[in-house]
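[1] sequence first, predicted model second:
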Amino acid sequence: AQKVTQAQTEISVVEKEDVTLDCVYETRDTTYYLFWYKQPPSGELVFLIRRNSFDEQNEISGRYSWNFQKSTSSFNFTITASQVVDSAVYFCALSKRNTDKLIFGTGTRLQVFP
Amino acid sequence: DVKVTQSSRYLVKRTGEKVFLECVQDMDHENMFWYRQDPGLGLRLIYFSYDVKMKEKGDIPEGYSVSREKKERFSLILESASTNQTSMYLCASGQLAYNEQFFGPGTRLTVL
């Protein structure tokens, strides 16, 4: 069975702090895809990143970075120098090849205070 | 830009009413999805569709049906709304599994 676990329900930080959102997944497939989405207060989920199971290179996009480790089945997301605009619910998701279904974690609510 | 629009942001219905939630996408995507989002449960897939007139059950299809008469439009139907269907409903579209899904703004449905 496939499963995504986001153990952190809610995280609060002060602006400019670094914060890491954890994501642990379970799958028996060798080919799969991992995603992060952001849901700001407006409600619309925004795609952040997709990773396939064969690419374990870390990725950096501005203040965002992702650490994919197959050995621990984790795909963690770090925001460096957080800002108030980063306040949102963040979802990690998993899909396997040749299927159109995303399996979402329960989300982590990040609050960044000024 | 991909646009997924949903007919209402907020909706209030009474128990037993038939409810239609409409979703339209403008990117010619083959696949469309309906999710519901509840606190502590994340997003759960209700139904999805690979093509016109084609539908498949997701993880929680009970109490719902769908209709896809045109490629760009995917409707979620609550035949007889119940209070436990009070939730946020999110529609999404996408082209392939390993590409991102594009989401609409959501409809917050309250069933009284």
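    Done, it's in.
[2] going by C-alpha atoms from here, please, whenever you check contacts or count neighbours.
    OK.
[3] partners of the helix or strand bottoming out on mean pLDDT in chain A, with directions?
    Across the helices and strands of chain A, mean pLDDT, DSSP states H and E gives its lowest value to strand A:59-61, namely a mean of 86. The strands beside strand A:59-61 in its sheet (DSSP bridges) come out as strand A:64-69 (antiparallel).
[4] average pLDDT for the partner strand?
    Here strand A:64-69 scores 94 as its mean pLDDT.
[5] and it, how far out from the chain's middle?
    A distance of 9 Å separates the centroid of the chain from that of strand A:64-69, by C-alpha atoms, centre = their mean, to the nearest Å.
[6] next structured bit after that strand?
    For strand A:64-69, the succeeding helix or strand toward the C-terminus, using DSSP states H and E, is strand A:74-79.
[7] could you export that next one as PDB, CA atoms only?
    Provided in PDB are the C-alpha atoms of strand A:74-79 (Å, rounded to 0.1, in the frame of the first residue of the first chain):
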ATOM      1  CA  SER A  74      11.900  10.900   2.900                       C
ATOM      2  CA  PHE A  75      11.300  13.900   0.800                       C
ATOM      3  CA  ASN A  76      11.800  16.900   3.100                       C
ATOM      4  CA  PHE A  77      11.300  20.500   2.300                       C
ATOM      5  CA  THR A  78      13.300  23.400   3.700                       C
ATOM      6  CA  ILE A  79      12.500  27.100   3.600                       C
END
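[8] can you check what angle separates it from strand A:64-69?
    Here strand A:74-79 runs at an angle of 160 degrees relative to strand A:64-69 (axes from the mean of the first three to the mean of the last three C-alpha atoms, to 10 degrees).
[9] wondering if strand A:74-79 reaches chain B at all.
    No - counting by C-alpha under 8 Å from any C-alpha of the partner chain, chain B is not contacted by strand A:74-79; separation bottoms out at 16.0 Å.
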